[in-house]
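Undergrad: Next come a sequence and a model predicted from it.
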Amino acid sequence: MSKGASGAPAAPLRCRGRAGCSEDRPILAISSHDRVRRAALALICTAGAAACAPGPTELRIVLITLDTLRYDRFEGGGELGLPMPRTRALAERGRVFRHGYAATSTTQPTHASIFTGLHPWQHGVPRNGVVLASELETVVERMRARGFATAAVVSSFPVHQRFGFDQGFDRFEDSFTAGERLRWNQIEVPGERFYSQADSVTERALAQLDESSGEKQFFWFHYFDAHQPYGDAPGAEPVTLVGLKKALRADAAGAAARVAQAERAYDHDVRYLDASLGRLFDRLLADSASIETHIVIVSDHGESFGESGSLGHGERLTSEQIRVPLVVVSPRVAPGTSEIAVGSVDVAATLESLAGGEELPGAGIDLTSDPASWPADRRVVGMRRTFAEPYEDIRSDGSVERVDGLLFYLVRGGREYVGSASEVFANDGGPVEPSQREEAEALFEAFASELGASPGGELLDQQTQQALEALGYAR
């Protein structure tokens, strides 16, 4: 039985608007096995439902992860106004979670949480470069065991198959087309390319849809465009984070202008991403007339542009880095927004439910279920990526700050608390009540203890480490 973040069992799934299904009848009674579901619907039609037209016989679940996309860009922030009109238009067809939170502010650990339903201190991938343990069962493996054809197109090195993200996939495309001429960290890996841009990803995603077969299909499409280098989409001049930080270190006087330039380049890439996503959305919506289609869109983390002195992502747990878009477009949910805090671990539970599963270990809840059934005191938790050794980070004013140790976050009652077992502060700068401090410190201490016992092993070969450094990730 899946559980909510409070540890209480999640409420059983219920029918919501499906023909012939009463509100007090568990949906799993008809969706656990497609054969049983089809037989039940056939009986309904033959029992005298004159207007009962044949529905789709195929089931398609699509997960789209958008690397480095801040929530406010999805909502309509930035100098460009609304940089994601196509994505917003699709989101209006489903349930938008206005307080979605990433498991970490780094790519690989958050994706591991998305696919396992476990927190980083449980699945053992606390930073990029660590392999997702094969003994951990992913939701994709569960779907394939249930008869789903599974395919993925990913667009950057941190989610390459060498890190275990191909577990459960029949087809996994992780060849990259860009990055070979950029020296982001004064390091080049001969023959390696590190990422692909949106148009390439969409072309391959559409090809995967063309080649798909079978009554049950799952797809994962991963887009990297919002990640630095900013402005590498056609029509702009690339700005690298490493180059930006070096310029600030050398001359802090022009910091504001340089950071603003990087942010404009970021928005340019987000617009390019949105246009390319629009082509994919058009195809999915066209197919939905004949294929029952469910789409989950989520970002793995955000990005900072000088807020609280931070640049980029990974070193801190600012709101800009951990609050992310999360959308479910599905026949199971009515269009609307939710103000309840949700997180990366909820995605696996949602995918499992959409696939007809009945049980998933972990803390996640099914985001298509009725929010009224969720725990009233629900909390969302996560952590900062770990560092193999202390890291010297350049701040937006050109100063240098040492980054070391464990850092966690807790979202409770609309506020974000960040810290460790010995220190807690609120991201909004306000006071922390003693009861919240006590709760957060106890949780963070428990998370730290569990992290030390979690599985996972680091890939330490020179090529892997250099490739990650070229993307701006320090160990």
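TA: Looks like it arrived, so ask away.
Undergrad: which stretches of this protein have low pLDDT?
TA: 1-55, 77-81, 179-193, 454-475 (pLDDT under 70).
Undergrad: Please repeat the previous calculation with a cut-off of 50.
TA: Scanning the chain for pLDDT under 50 picks out the ranges 1-51, 78, 80, 180-191.
Undergrad: right, and the helix or strand after the longest helix anywhere in it?
TA: The longest helix of the chain (DSSP state H) is helix 255-287. Following helix 255-287 in sequence order, the next helix or strand is strand 291-299 (DSSP states H and E).
Undergrad: Parallel or antiparallel, which strands does the next helix or strand after that following strand pair with?
TA: Downstream of strand 291-299, the next assigned helix or strand under DSSP H and E is strand 304-305. Strand 304-305 has its sheet partners listed here by DSSP bridges as strand 311-312 (antiparallel).
Undergrad: Just give the number of residues close to residue 289.
TA: Residue 289 sits with 8 neighbouring residues when counted by other C-beta atoms under 10 Å. C-beta: built from backbone N, CA, C; applies to glycine.
Undergrad: now do the one 5 residues further on
TA: Residue 294 has 25 neighbouring residues, counting by other C-beta under 10 Å.
Undergrad: From residue 278, how far out is it?
TA: Per C-beta to C-beta, to the nearest Å, residue 294 is found 19 Å from residue 278.
Undergrad: rewinding a little: any idea how far the longest helix of the chain is from the chain center?
TA: Chain-centre distance of helix 255-287: 17 Å, with C-alpha atoms, centre = their mean, to the nearest Å.
Undergrad: Return the list of helices and strands in contact with it.
TA: Helices and strands touching helix 255-287, as assessed by 3 or more C-beta pairs under 8 Å, 6 or more residues apart in numbering; DSSP states H and E, comprise strand 58-66, helix 85-91, helix 198-211, strand 216-223, helix 241-250, strand 291-299, strand 304-305.
Undergrad: what's residue 340 in contact with, if anything?
TA: 97, 99, 371, 374, 378 (C-beta atoms under 8 Å, 6 or more residues apart in numbering).
Undergrad: at 10 Å instead, please
TA: 97-99, 365, 367, 371, 374-376, 378, 380, 414 (C-beta atoms under 10 Å, 6 or more residues apart in numbering).
Undergrad: and what of residue 200?
TA: Contacts of residue 200 by C-beta under 10 Å, 6+ apart are 153, 155, 175-178, 276.
Undergrad: between the residues you listed, which is closest to residue 73?
TA: residue 276 (15.1 Å; C-beta to C-beta).
Undergrad: Correct me if wrong: the closest one contacts residue 204.
TA: No: contact criterion C-beta atoms under 10 Å: residue 276 and residue 204 do not qualify, at 11.5 Å.
Undergrad: just to revisit the earlier point, PyMOL command to pick out the buried ones of the contacts of residue 200?
TA: Filtering the contacts of residue 200 down to the buried ones (16 or more other C-beta atoms under 10 Å) takes a single PyMOL command:
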select buried, resi 153+155+176+178+276
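Undergrad: From the contacts of residue 200, which land in helices?
TA: Reading helices off the contacts of residue 200 with DSSP H, I get residue 276.
Undergrad: Dump the contacts of residue 200 into TSV; add distance to residue 288 as well.
TA: Formatted as TSV, the contacts of residue 200 follow (distance: C-beta to C-beta, whole Å):
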residue	distance to residue 288
153	20
155	24
175	29
176	30
177	29
178	31
276	20
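Undergrad: from the contacts of residue 200, which two are the most distant?
TA: 175 and 276 (17.8 Å).
Undergrad: ok, which stretches of the stretch 51-200 of the chain are strands?
TA: Listed in chain order, the strands of the stretch 51-200 of the chain (DSSP state E, counting those that start in this stretch) span 58-66, 95-97, 100-101, 130-131, 149-153, 171-173.
Undergrad: highest average neighbour count across the ones you listed?
TA: Ranked by mean neighbour count, the strands of the stretch 51-200 of the chain are led by strand 100-101 with a mean of 26 (mean count of other C-beta atoms under 10 Å).
Undergrad: just how off-centre is it within its chain?
TA: With C-alpha atoms, centre = their mean, you get 9 Å for strand 100-101.
Undergrad: if we can go back for a sec, in TSV, list the helices and strands packed on helix 255-287 along with distance to residue 114.
TA: Converted to TSV, the helices and strands packed on helix 255-287 look like this (distance: least, C-beta to C-beta, whole Å):
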stretch	distance to residue 114
strand 58-66	7
helix 85-91	18
helix 198-211	17
strand 216-223	9
helix 241-250	24
strand 291-299	7
strand 304-305	22
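Undergrad: for those, which one sits closest to residue 440?
TA: If we rank the helices and strands packed on helix 255-287 by C-beta to C-beta, the stretch that ends up nearest is strand 304-305, at 22.1 Å.
Undergrad: For that closest one, which outside residues touch it?
TA: Contacts of strand 304-305 (C-beta under 10 Å, 6+ apart): 70, 78, 105, 230, 244, 259-260, 262-264, 266, 310-316, 318-321, 396.
Undergrad: Recalculate using a threshold of 8 Å.
TA: With C-beta under 8 Å, 6+ apart as the test, strand 304-305 has contacts from 259-260, 262-263, 266, 310-313, 316, 318, 320-321, 396.
Undergrad: filter those to the buried ones?
TA: 259, 262-263, 266, 310-313, 316, 318, 320-321, 396.
Undergrad: and of those, the nearest to residue 419?
TA: Once C-beta to C-beta is applied, the member of the buried ones among the contacts of strand 304-305 that ends up nearest residue 419 is residue 316, at 11.8 Å.
Undergrad: ok, the closest residue to that closest one other than its chain neighbours - contacts?
TA: Closest residue to residue 316 apart from its sequence neighbours, by C-beta to C-beta, 6 or more residues apart in numbering: residue 310 at 5.0 Å. Contacts here follow C-beta under 8 Å, 6+ apart; on that basis residue 310 touches 304, 316, 318, 320-321, 395-396.
Undergrad: if we go to 7 Å?
TA: The neighbourhood of residue 310, defined by C-beta atoms under 7 Å, 6 or more residues apart in numbering, consists of 304, 316, 318, 396.
Undergrad: I am finished for the moment; much appreciated.
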